[in-house]
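Undergrad: quick one, fold the following:
(chains A and B)
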Amino acid sequence: MKQAFLAGSIVAALGLLSPAAQAVPWERGFVISDYVFGFHYGGRPDFIKEGRIEPGIDCPTGSTKNFTYDDGSFYEAFKLQPWRTEEEIKLIMDPPGTDVNNYLMIRSWVNRRAMGYRGYAKGIGTYVNPFAAADPGQPEVTGIISEGFDLDNNPETGGFTSPDGQKGIDNALYRAWGCARPYRGETATLNKRATSQMLEGLYTAVIRLRGVQDPMNDSDVTLEIGYSPDKIQKDVNAGVARNYSYRLFNGTMYSKVKATIKNGVVETEIVDVLHAPTYGWFANQIVDGAFHKGRIRFTIDAKGAIAGHIGGYRDWRDVYAANTFGQDGAQQDNREHKDSVALYHALIRHADGLRDPQTRRKMGISTAYRFSAVPAQIVEPLTPITVEWPGNRQNDVESGKIIRAAFVKAIWTRAIQELPWQTGEAVYPGLERVIFDLPNGVDLWKMLDRPRNPNEPDWYKEWAEQKEAEKKGIVLRRRGFDDSSRTATGNGTN
Amino acid sequence: MTKRIYAAALAVSMVAVAHGATAAEAQRPDPKVPLAADHPRPAPNEIVSVPAAAPGVFSARKEKGGTRLVVKGRKFTSRAAIENYLAYRAAEEIIAQDGEWFMFVESRQPGDGAPALTVDAQLRSFSFRMPNFRPVWRYKTVGSGDWQTWSPFSGAAFFGNGIDPATVAEYEVTATIVPGKGLMNGRDPLAFHAIAVSDFLVNQVAPPQ
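TA: Got it, this is the predicted structure:
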């Protein structure tokens, strides 16, 4: 008994000296501070041409500039509808009444109504039924360098080489959308907007690593990624403050996977579907990325911050929906100088994964999202938590659900779907608030007409009553002119 | 402040976990936005398709240089309607062969006056440009036994020879396509993505008669 105890003590003592016994469980947490598409910008940083269209080895003709007034892009977009006359296009682009108050705003509404109905026939909502519109064309990335992963483990496919020389990088989304202005280069407006919204509290994404060896070299690591309901804490420089604590929500945007760390480079296993938050600037865009053949790779720097990529094949319908339905498609295209119809067709052309066995269509597109993150404490929730949207963002979510459902049905069935009236996608009734201020407003409104909501009022009559009341100093609250007229306002401010 | 709160929360949570509470128990229902794949597949009868054509209306034959597609009919409706139907069938033919796109082969003849197509000046890529799908026609008019031809590359207007389209008694519209698979060169003005073409036209076409 005594001998056995001694032997056991010796073994135990030896065990303390062995590498396994030296293992000390460790944990590191991070809060994501920057999160965008992994699009490799090929322009020259010192090249300035109106600050927005610089060419580069990625995009020889620079970024897209759809729906700008100075280059005919509005005309090109409307010319694709065979049912529009030249005269109608002219009226849409330059409606008479330049001396009317808020003319530019009214013109924008007119443009947007027309942009929202660009199908092969009148009355077809463009963004919910993008397949029914002629392709306006989208420049593709022609460069050969891309961020991302060799998702199919085949160096002969994908057509890109990573910045560090790996061949076979699959990032078809970059090839398809890499020249789109809001996602390209230093002036990527929607990337900036998404980051800004994240820092202002729209959403928070966190990562937690747990290992048993060394935080910089460990062959047995568990990585968790997910959403946190806790708003990002900023430092005095408006950056993301380090070492604050965030709860991790184990919901649909959560994954727990195995990983390894070699000299500070963290690489996860490849999983069938990696669930993680995607990025966006409206609540309805913050959804599960569902990266098929998903993986994460990042590097830990000397100060403990991390930078890297999440990659996999995403269902292109989700990618399209997030890009298009944050607000109504026309509002976003008009402001960001992109054309979601062109981007839809680019997705169709570049889809390279998730082949549907029934339809034989490729429903996935290879992609990588770039992120950086700073150290944080990731903690377990003590009380029940969920996904929480600030302010009235739940309206965005409800609206997004309705529009996405209509869009998905359109894609599945190829049947033209009506625009959901309770959302902003119909560009309604915002236009009706203002168009009759124009001298030919009634005619223009009729020309721009769209399928009628059976319950909608006589807009002109209400406008006339409002004008009459205003003359007497009375302000009427008109039906449908306030957000309470919809069950879900959401996407936009129509 | 937050840091202090959650430092305390971390300590409490460790106690909570030690007492058997789990992270899963601290979750409320996830108010997720459904992904595309979460939506139910439509029933087969909800999916739009084009009715089958009568026998002899459409034919496809592999030849040297591509697949030759022909649409025949006796009732002329409009050039666009008939050519769109041919384009739709071309796309469906490609999809049925597990292809992804096709190149339209122009039937240009020496002396044709139609200008050659060029790459888009802005180097844009397209899924299709329907005006570039230009099949060749031949037709007979009522009371005439002779076939007459019309080529879109000739430079002559469609029925510019004075013939009333209402007198067309029989026609054949022919196109040759070369199927392709993999990444399509969308800059090529003659490239057509089969799914995009099919989806664009499925609600617009009907079999000619």
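
Undergrad: now do the helices in the stretch 151-300 of chain A.
TA: A:172-177, A:189-199 (DSSP state H, counting those that start in this stretch).

Undergrad: so for A:Leu431, which of the ones you listed sits nearest?
TA: Nearest of these to A:Leu431, taken as C-beta to C-beta: helix A:189-199 at 24.2 Å. All C-beta spots, glycine's among them, are computed from the backbone N, C-alpha and C.

Undergrad: I'd like the mean pLDDT over that closest one, please.
TA: Averaged over helix A:189-199, pLDDT sits at 95.

Undergrad: most tightly packed of the helices of the stretch 151-300 of chain A?
TA: Mean neighbour count (mean count of other C-beta atoms under 10 Å in any protein chain shown) peaks for helix A:172-177 among those, with a mean of 29.

Undergrad: CA-only coordinates of that helix in CSV, if you can.
TA: Provided in CSV are the C-alpha atoms of helix A:172-177 (Å, rounded to 0.1, in the frame of the first residue of the first chain):
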residue,chain,number,x,y,z
ALA,A,172,-16.8,34.7,-56.4
LEU,A,173,-18.7,37.4,-54.5
TYR,A,174,-15.7,39.7,-54.8
ARG,A,175,-15.5,39.1,-58.5
ALA,A,176,-19.2,39.8,-58.9
TRP,A,177,-19.5,42.8,-56.6
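
Undergrad: what lies in contact with that helix?
TA: For helix A:172-177, contacts defined as C-beta atoms under 8 Å, 6 or more residues apart in numbering or on different chains pick out A:37-40, A:138, A:140-141, A:146-148, A:158-160, A:183, A:314, A:319, A:343, A:346-347, A:349-352, A:365-368.

Undergrad: buried subset of the residues you listed?
TA: A:37-40, A:138, A:140-141, A:146-148, A:158-160, A:183, A:314, A:319, A:343, A:346-347, A:349-352, A:365-368 (16 or more other C-beta atoms under 10 Å in any protein chain shown).

Undergrad: so which of those belong to strands?
TA: A:37, A:138, A:160, A:314, A:365-368 (DSSP state E).

Undergrad: got any ranges where the chain has weak pLDDT?
TA: Went with chain A since none was named. Applying pLDDT under 70 to chain A flags residues A:1-22, A:45-53, A:475-494.

Undergrad: oops, I was thinking of chain B
TA: Judged by pLDDT under 70, chain B has its weakly predicted residues at B:1-25.

Undergrad: can we see that at 50?
TA: B:1-21 (pLDDT under 50).

Undergrad: residues of stretch B:33-46 that come out buried?
TA: Applying a neighbour-count criterion of 16+ other C-beta under 10 Å, one finds B:33-39 buried in stretch B:33-46.

Undergrad: restrict the contacts of helix A:172-177 to those near chain B?
TA: Restricting the contacts of helix A:172-177 to those near chain B by C-beta under 8 Å from any C-beta of the partner chain leaves A:138, A:140, A:159, A:346, A:349-350, A:352.

Undergrad: and of the residues you listed, the nearest to A:Thr68?
TA: Closest to A:Thr68, out of all of those and judged by C-beta to C-beta, is A:Gln138, at 15.5 Å.

Undergrad: in contact with that closest one, which residues?
TA: Contacts of A:Gln138 by C-beta under 8 Å, 6+ apart are A:64, A:176-177, A:179-180, A:339, A:342-343, A:345-346, B:124-125.

Undergrad: try A:Ser366
TA: By C-beta under 8 Å, 6+ apart, the contact set of A:Ser366 is A:148, A:151, A:158, A:170-173, A:311-313, A:352-353.

Undergrad: how about 6 Å then?
TA: A:151, A:170-172, A:313, A:352-353 (C-beta atoms under 6 Å, 6 or more residues apart in numbering or on different chains).

Undergrad: how about A:Ala194?
TA: Contacts for A:Ala194 were tallied using C-beta under 6 Å, 6+ apart; they are A:279-281.

Undergrad: repeat that with 7 Å
TA: For A:Ala194, the contact set (C-beta atoms under 7 Å, 6 or more residues apart in numbering or on different chains) comprises A:36, A:279-281.

Undergrad: out of these, who's nearest chain B?
TA: For those, the residue nearest chain B by C-beta to the nearest C-beta is A:Gly280; the value is 10.4 Å.

Undergrad: which positions in the stretch 251-400 of chain A make contact with chain B?
TA: Residues of the stretch 251-400 of chain A that fall close to chain B, judged by C-beta under 7 Å from any C-beta of the partner chain: A:251-252, A:284, A:287-288, A:290, A:315, A:317-318, A:345, A:348-349, A:360-361, A:377, A:379-387, A:397, A:400.

Undergrad: now, of those, which are buried?
TA: Buried by 16+ other C-beta under 10 Å: A:251-252, A:284, A:287-288, A:290, A:315, A:317-318, A:345, A:348-349, A:361, A:377, A:379-382, A:385, A:387, A:397, A:400, out of those.

Undergrad: give me the domain ranges for chain A.
TA: A:26-48+A:138-388, A:73-129+A:418-485 (automatic domain parsing).

Undergrad: how about those, which one is nearest B:Thr167?
TA: Nearest of the domains of chain A to B:Thr167, taken as C-beta to C-beta: domain A:73-129+A:418-485 at 25.7 Å.

Undergrad: follow-up on the earlier one: so which two of the contacts of A:Ser366 are the farthest from each other?
TA: Top of the distance list for the contacts of A:Ser366 (C-beta to C-beta): A:Asn171 and A:Gly353, 11.7 Å.

Undergrad: who has more neighbours out of those two?
TA: Neighbour totals were compared for A:Asn171 and A:Gly353, and A:Asn171 leads with 31 against 21 (other C-beta atoms under 10 Å in any protein chain shown).

Undergrad: got the contact list for the nearest residue to that one once chain neighbours are set aside?
TA: Counting by C-beta to C-beta, 6 or more residues apart in numbering or on different chains, the nearest residue to A:Asn171 once its immediate chain neighbours are dropped is A:Gly148, at 3.8 Å. Residues in contact with A:Gly148 (C-beta under 7 Å, 6+ apart) are A:38, A:169-171, A:309, A:311, A:368.

Undergrad: count the neighbours of B:Ala52 for me.
TA: For B:Ala52, the count of nearby residues is 9 (other C-beta under 10 Å).

Undergrad: so it sits in a strand?
TA: No - using DSSP: H, G, I helix; E, B strand; the rest coil, the secondary structure at B:Ala52 is coil, not a strand.

Undergrad: could you list the residues in contact with the longest helix anywhere in chain A?
TA: For chain A, the longest helix by residue count, based on DSSP state H, is helix A:393-413. For helix A:393-413, contacts defined as C-beta under 7 Å, 6+ apart pick out A:128-129, A:282-284, A:317, A:321, A:325, A:389, A:416-417, A:420, A:422-425, A:488-491, B:33-34, B:36, B:39, B:41-42, B:46-48.

Undergrad: thanks a lot, catch you later.
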